[in-house]
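**Q** please work out how this folds:
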Amino acid sequence: MRLVRWNPTAAGNPVATRSCWNGDPFFGLMRDWVTPDNVGRGMDADVFEKEDHYILTAELPGVSKEDLRVKVEGDVLTIEAEKKSEFSDSDEGSYHAERRYGSFSRSFRLNSQVEGDKIDANFKDGVLRLTLPKREEVKGRAIEIK
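**A** I've put the predicted structure just below:
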C-alpha cells in the first residue's frame with residue numbers, strides 16, 4: 001500500500017482567500033476564525049509506514065489518559081477523546097476563548113495488511129502513539145508432483 005500525504009488546506013477556503021476581504025480589517029480578524037485549521041478538527045495525526053508495521057501518532061493536548069479511548073471495529077480504528085475545561089460556565093471575566101472543549105473522535109480505515117488485534121497504544125505528553133503491526137505475507141510454495 002502506498003501512503004499519500006493529506007493536506008487539509010490544499011483546496012483553500014473561499015472565505016479566507018477572497019482577495020476583496022484581505023485588506024479589510026474586520027474580515028482580517030474573521031479570516032483567523034474560519035480557516036480550515038480551526039474548523040471541525042479535533043486532533044492532528046501522522047501515519048508512517050515501516051517495514052513490518054505502521055505508526056500512527058495523534059496530538060491530543062489537554063486530554064488525560066482516562067478520557068481517551070481507542071477501538072477497532074472491523075477494519076475501522078477509532079480514537080475517541082474528551083477535553084475538559086478547567087473553567088465553568090459561571091466563571092466571569094472571559095474576554096476571548098479559542099480553545100475548544102468537549103468530545104471528539106477520528107476514524108481511520110485499516111488496510112488488510114494490519115493485524116487489528118495486535119495494535120499497541122502508548123500515551124505520553126499529549127501524544128498518542130499507535131503501533132499497527134502488518135500481517136506476515138503469505139508466501140507461495142511449490143507443490144511437488146508425485
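
**Q** for this structure, give me the ranges with low pLDDT.
**A** Scanning the chain for pLDDT under 70 picks out 1-42, 88-91, 93-97.

**Q** same thing but at 50, please
**A** Scanning the chain for pLDDT under 50 picks out the ranges 15-19, 21-22, 24-40.

**Q** run a quick neighbour tally on residue 118.
**A** 12 (other C-beta atoms under 10 Å). Backbone N, C-alpha and C define where each C-beta goes, glycine included.

**Q** how's this protein carved up into domains?
**A** Listed domain ranges for the chain are 11-40, 41-86+100-136 (source: automatic domain parsing).

**Q** kindly reformat the ones you listed as CSV containing distance to residue 146.
**A** Output for those, formatted as CSV (distance: least, C-beta to C-beta, whole Å):
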stretch, distance to residue 146
domain 11-40, 62
domain 41-86+100-136, 29
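
**Q** so which of these comes closest to residue 145?
**A** Among those, domain 41-86+100-136 comes nearest to residue 145, with 27.2 Å by C-beta to C-beta.
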